[in-house]
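Chemist: whatever this is, show me its structure:
(chains A and B)
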There are 2 protein chains.
Amino acid sequence: MEKERETLQSWKERVGHELDIVVAFWLEHSHDQEHGGFFTCLGRDGQVYDDLKYVWLQGRQVWMYCRLYRKLERFRRPELLNAAKAAGGEFLLRYARVAPPAKKCAFVLTRDGRPVKVQRTIFSECFYTMAMNELWRVTGDAQYQSEAVEMMDQIVHWVREDPSGLGRPQLPGAPASESMAVPMVLLSLVEQLGEADEELAGSYAELGDWCAGRILRHVQRGGQAVLENVSEDGEELSGCLGRHQNPGHALEAGWFLLRHTIRRGDPKLRAHIIDKFLLLPFRSGWDPDHGGLFYFQDADGLCPTQLEWAMKLWWPHSEAMIAFLMGYSESGDSALLKIFYQVAEYTFRRFRDPEYGEWFGYLNREGKVALTIKGGPFKGCFHVPRCLAMCEEMLSDLLSRLAPASAPAAALSARSPPADPARRGAE
Amino acid sequence: MEKERETLQSWKERVGHELDIVVAFWLEHSHDQEHGGFFTCLGRDGQVYDDLKYVWLQGRQVWMYCRLYRKLERFRRPELLNAAKAAGGEFLLRYARVAPPAKKCAFVLTRDGRPVKVQRTIFSECFYTMAMNELWRVTGDAQYQSEAVEMMDQIVHWVREDPSGLGRPQLPGAPASESMAVPMVLLSLVEQLGEADEELAGSYAELGDWCAGRILRHVQRGGQAVLENVSEDGEELSGCLGRHQNPGHALEAGWFLLRHTIRRGDPKLRAHIIDKFLLLPFRSGWDPDHGGLFYFQDADGLCPTQLEWAMKLWWPHSEAMIAFLMGYSESGDSALLKIFYQVAEYTFRRFRDPEYGEWFGYLNREGKVALTIKGGPFKGCFHVPRCLAMCEEMLSDLLSRLAPASAPAAALSARSPPADPARRGAE
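Modeler: Here you go, the predicted model:
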């Protein structure tokens, strides 16, 4: 017991220290003092190698700054709040939408906010919504919340009523398929908007259940595989599209679903989620030769067609750390804690850059750094600090729940009530 | 001299033998007897792992079969001609266009020909045109030629007059840029349609010069770099887009331009092309540690953002083999022959699969097979057999031009007339 406490304590310190370094990196290198918004194309040492502004990452960085400000005492600093509001929030409000008042957002903007590319998906809009809601939470400014709620309505309309506003052509050979990303990101928005807001939580409750149900349909082949894409009817699709697997994404869905079960109070579902969205993708996705999670796999064990399939990316590892620590925290199953340690050891050893701070994003199959960039079109101030902040909080909770050295181990069992349910459900 | 003849002869035999194996692979595994068209998603042993039909690769395989049938005596076999006509050509005529009589073609079709995806580019249409023109050459059926010429008119209209039919949104932040691929593929069509056709060659002469001029504008930074993308005015673009380099593509452009100079008779331009499009990309693009050509580079030596940047792909190596052998064949500069041998040795050692035939397409930085597939969404029956057939023909020419052992080496110099100019200019 004392050894367990020591190990948890030591990881809490490592994770907290790492979070400080990571946040300092973005504070130092990513702020555009001239045009607002954040640079995310940062080289190993933080130098800006491209000044394009990716809307996903603008929204995520605003969200991250606000969340840190709101949740962790030591980050309640004006520089984070001001950057989130004046740099990020203002930039998004001004430039994210391609043709206001229409809601469609760009995927990438020039440094001064002119649209370069638009994706025919909902993701820019989702990260816009997350940013606005979190800005409202830290500032109390109602304009942000109305932006968030109106955009959420639009997203739900696109997903559940009529996708035609996204501009995707309907081609007769394209199967009506569902990417797991869509119900996943919607479920995360349900949690985001419903936090400590009974009215919104109530009005999105049915949507949350719908999202969870949709995600669960991606468990296929008699419970033996999580597939990224299924048909509109929840069946396996043919070909590579149908067999496509993304272990890190399944693990991320796993902790989104765990949070959903916490909110809905459903321990039976929890066991299913741990089995199918945590243990299954980890067992099939962990590289037995070199360690680390493969990026993509084929459910039949065939060679994926994506060139990067065997690379080890930072975000599946961040998501795995969150998922296994949360799984342990909720179930008390020490096998999950063991996997958390295994993933965290690999991740800290391989992705961290002790010289310049932040993490490398892209390793080759053998775990060597393949790209030295710290940020780019898809990597910003999000997965790493979110993982570290959430792990720090979960480790604190676990430590506070650990009985003194003499108490029975059952204190950590599934039946022991969390120290602060509201707080755990909310992060 | 005798040693040189022996080396050339031995490579001619290796290349010819390899071509037989590669063609046999596609003949055995890729024909869809039920729906027509070609499967291109083939595993290591030729098994179909996905039945989608990529229009680029349908057109290229038709072209390749016809070209082999037309140019190499031992491939004048009914099974190639019938597959090109009945399977490939018929499938393209029926299904390639999304909404006939409009010209826009799909990027990928279902096995039975329903469109799955459409790209907002000209490439499907270009490979359709190549296929149709070559079908006309082997069959004499005028329908194919009118398809080719009408599609060519449409492509030229999209490129030089009005791109709006491609469906690309015009966004205020998107720089008006030119990808080198566009004038390259157009230049190859000028050569394709103009072969042994004085009237068409004449009517496309200005277009060919325009394409060559456009490609030459991609030599930037005082002649020190070939950049994939430049502005509409022929200037370097900012950011990653502007610094993006693709050594294999520059080498391919190099041999397209060499062929252009042969047709136009411009030896001064030839030296420039060899310097800028052959030697420059080879020197910067060849991996000094592990051999092979990097897939992507950044002109400032920064880390590219593409995950696959350091991988070694089959097609840049096929293109390099063609480019250096052609460069030597035209200039007599033995340094180019030496590079041909270097690239060919690497390519034959690393990409060939002696067990099941055809080549692997994707190696990691160290030269180990990263994807075991033989075909996929971008690899079909094209780059490998085109390279082998062209190299076989060039090696034959070189051998026939080699004087008997006692004659002076000058027989191979730039000024010695080719053995059969019409034939060399035409392949």
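Chemist: now the strands for the stretch 101-250 of chain A?
Modeler: A:108-109, A:115-117, A:177-179, A:219-220, A:225-226, A:229-231, A:244-245 (DSSP state E, counting those that start in this stretch).
Chemist: for chain B, which of the ones you listed is the nearest?
Modeler: strand A:115-117 (4.3 Å; CB to the nearest CB). From N, CA and C alone the C-beta is placed, and that goes for glycine too.
Chemist: quickly run through the sheet partners of that closest one, with directions.
Modeler: strand A:108-109 (antiparallel) (DSSP bridges).
Chemist: contacts for the strand it pairs with, please.
Modeler: A:Gly37, A:Leu52, A:Lys53, A:Tyr54, A:Val55, A:Tyr95, A:Ala96, A:Pro115, A:Val116, A:Lys117, A:Pro377, B:Gly173 (CB atoms under 8 Å, 6 or more residues apart in numbering or on different chains).
Chemist: farthest pair within those residues?
Modeler: Across the contacts of strand A:108-109, no pair lies farther apart than A:Tyr95 and A:Pro377, at 17.1 Å, counting by CB to CB.
Chemist: of those two, give the one with the bigger neighbour count.
Modeler: A:Tyr95 (24 against 18; other CB atoms under 10 Å in any protein chain shown).
Chemist: can you tell me how far the closest residue to that one other than its chain neighbours is from A:Arg94?
Modeler: The shortest distance from A:Tyr95 to any non-neighbouring residue, by CB to CB, 6 or more residues apart in numbering or on different chains, is to A:Gly113 (3.2 Å). When distance is defined by CB to CB, to the nearest Å, A:Gly113 is 6 Å away from A:Arg94.
Chemist: list the buried residues in stretch A:360-376.
Modeler: If you call a residue buried by 16 or more other CB atoms under 10 Å in any protein chain shown, then stretch A:360-376 has these buried ones: A:360-367, A:369-371, A:373-376.
Chemist: center of chain A - which residue?
Modeler: Closest residue to the average C-alpha location of chain A: A:His383 at 5.8 Å, with CA atoms, centre = their mean.
Chemist: just to revisit the earlier point, contacts only, for the residue nearest to A:Tyr95.
Modeler: Contacts for A:Gly113 were tallied using CB under 8 Å, 6+ apart; they are A:His35, A:Gly37, A:Lys53, A:Phe91, A:Arg94, A:Tyr95, B:Gly173.
Chemist: got JSON lines for the strands of the stretch 101-250 of chain A, with distance to B:His244 and mean pLDDT too?
Modeler: Shown next, in JSON lines, are the strands of the stretch 101-250 of chain A (distance: least, CB to CB, whole Å; pLDDT from 0 to 100):
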{"stretch": "strand A:108-109", "distance to B:His244": "15", "mean pLDDT": "98"}
{"stretch": "strand A:115-117", "distance to B:His244": "15", "mean pLDDT": "97"}
{"stretch": "strand A:177-179", "distance to B:His244": "28", "mean pLDDT": "95"}
{"stretch": "strand A:219-220", "distance to B:His244": "39", "mean pLDDT": "98"}
{"stretch": "strand A:225-226", "distance to B:His244": "35", "mean pLDDT": "98"}
{"stretch": "strand A:229-231", "distance to B:His244": "30", "mean pLDDT": "98"}
{"stretch": "strand A:244-245", "distance to B:His244": "28", "mean pLDDT": "98"}
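Chemist: just put those strands in TSV and tack on mean neighbour count.
Modeler: Formatted as TSV, these follow (neighbours: other CB atoms under 10 Å in any protein chain shown):
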stretch	mean neighbour count
strand A:108-109	24
strand A:115-117	19
strand A:177-179	16
strand A:219-220	20
strand A:225-226	24
strand A:229-231	19
strand A:244-245	22
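Chemist: which one among the contacts of strand A:108-109 gets closest to B:Glu319?
Modeler: Closest approach to B:Glu319 among the contacts of strand A:108-109 (CB to CB): A:Pro377, at 27.4 Å.
Chemist: thought the closest one was touching A:Lys53?
Modeler: No. Under the criterion of CB atoms under 8 Å, A:Pro377 makes no contact with A:Lys53, lying 10.3 Å away.
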